[in-house]
Structure formats: structure tokens, C-alpha cells
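>>> have a look at this prediction, sequence included:
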Amino acid sequence: MSHIVRPGETISSFSHESRVGGKGANQAVAIVRAGGKATLYGTIGSDGLWIRDRLEEWHVDVDNLLVSEVGFGPYNTKARY
């Protein structure tokens, strides 16, 4: 940014970046990286399939994540370690 945004001012961004995160996902990845096994249970929206794919690449068990066509956000999950 060229300056601090003033109250009431709107500026445009030049880019956007989405990353995997959230308490359950972060903990699951940490467990796997430490040599353990982690499984996520819950439901993800179809707009969050990229999150499931990334977690799977990181060896988190995502077999119990259901996909919902309702657009309620990327995911609502419970973790089991």
C-alpha cells in the first residue's frame, strides 16, 4: 500500500491469496509433520475442495470429509488425532 487507509476511504487490492488454515487443519498438519496420524471429520462446501486436496497432499486423512453443495464456506470440521 502506498499509504494508510483513511476512515471512509476505499482502495482496491492488486492481488488475492487463499491459504489453508484454521485450528483443526493447522493441528492436523502439525500432527502429521510430527510423525502422527490425523483424520478430519466434517463437511466442506464445494468451494473448499481445494482445501481437501491440499490436506490430502500433506497426508491428512480426509476420507471422512463430506462435500455439501450449500455454500456455507470452505469447511466445518472436527479433528481426531
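Ah, there it is.
>>> what's the pLDDT at the residue lying closest to I31 once chain neighbours are set aside?
Distances taken as Cβ to Cβ, 6 or more residues apart in numbering put A38 closest to I31, at 4.3 Å, once the chain neighbours are dropped. No exception for glycine: its C-beta is placed from N, CA and C like everyone else's. On the pLDDT scale, A38 is placed at 95.
>>> A38: neighbour count?
23 (other Cβ atoms under 10 Å).
>>> can you check the one 4 residues further on too?
The criterion is other Cβ under 10 Å. On that basis, G42 has 15 neighbouring residues.
>>> can you give me the buried ones in the strand or helix carrying it?
Secondary structure from DSSP states H and E places G42 in strand 39-45. Residues of strand 39-45 classed as buried by neighbour count (16 or more other Cβ atoms under 10 Å): 39-40, 44-45.
>>> which residues does S68 bridge with?
Residues in a beta bridge with S68, per DSSP bridges, are G45.
>>> any weak-confidence spans in this structure?
Applying pLDDT under 70 to the chain flags the ranges 1, 71-81.
>>> output the longest helix belonging to it.
helix 23-33 (DSSP state H).
>>> quick one, that helix and strand 39-45 angle?
Per axes from the mean of the first three to the mean of the last three Cα atoms, to 10 degrees, the angle that helix 23-33 makes with strand 39-45 is 140 degrees.
>>> fine by me, we can end here.
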